[in-house]
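J.: the amino acid sequence is not available; the structure is as follows:
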């Protein structure tokens, strides 16, 4: 599933709040990573903006492909339950090879 996020002023503003350490264009070019950060740091009004462009399938896809170290355990559990996924898998982990 390919997720494309438009470069809108609203998403740029949300991006500046939740991924404050990089420019919005860079953040929005990696939608899975952006949504993972949103699942952790976005406020309810931020998520209302994001949800205009992202459906439940995109959120589920993000959970399946979340980069390790972004989503905290509480948010991980919340989003799984919120999306009807009651068998919550372990958080993604970084591997050191």
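T.: All right, it came through fine. Owing to the predicted nature of the structure, the values given are computational and were not obtained by experimental measurement.
J.: and residue 45, how far from residue 95?
T.: According to CB to CB, to the nearest Å, residue 45 stands 36 Å off from residue 95. To be clear about C-beta, it is placed using only N, CA and C from the backbone, and glycine gets the same treatment.
J.: with neighbour numbers in mind, choose between these two.
T.: With neighbours defined as other CB atoms under 10 Å, residue 45 and residue 95 compare such that residue 45 has more, 9 against 6.
J.: name the element the more buried one belongs to?
T.: Element membership of residue 45, judged by DSSP states H and E, is helix 44-50.
J.: how about residue 11?
T.: Assigned by DSSP H and E, residue 11 falls in helix 9-18.
J.: next: residue 34.
T.: helix 31-41.
J.: so how far is that helix off the chain centroid?
T.: Chain-centre distance of helix 31-41: 2 Å, with CA atoms, centre = their mean, to the nearest Å.
J.: for that helix, what is the average pLDDT?
T.: Across helix 31-41, pLDDT averages out at 97.
J.: and the residue nearest to residue 12 when sequence neighbours are not counted, backbone torsions?
T.: Take residue 12 and drop its neighbours on the chain: the residue closest to it by CB to CB, 6 or more residues apart in numbering is residue 24, 4.1 Å away. Backbone torsions of residue 24, given as degrees, to the nearest 10, read phi -60, psi -40.
J.: how many residues are close by residue 24?
T.: By other CB under 10 Å, neighbour count at residue 24 equals 19.
J.: please apply the same query to residue 90.
T.: 7.
J.: one more: residue 58?
T.: 19.
J.: dump the residue contacts of the residue nearest the centre of the chain.
T.: Nearest to the geometric centre of the chain sits residue 35, at 1.8 Å (CA atoms, centre = their mean). Shown in contact with residue 35 (CB atoms under 8 Å, 6 or more residues apart in numbering): 3, 50, 54, 58-59, 62.
J.: at 6 Å what do you get?
T.: residue 62 (CB atoms under 6 Å, 6 or more residues apart in numbering).
J.: so how far is residue 97 from it?
T.: Distance, residue 35 to residue 97, by CB to CB: 27 Å.
J.: residue 48: how many residues sit nearby?
T.: Residues lying near residue 48 (other CB under 10 Å) number 12.
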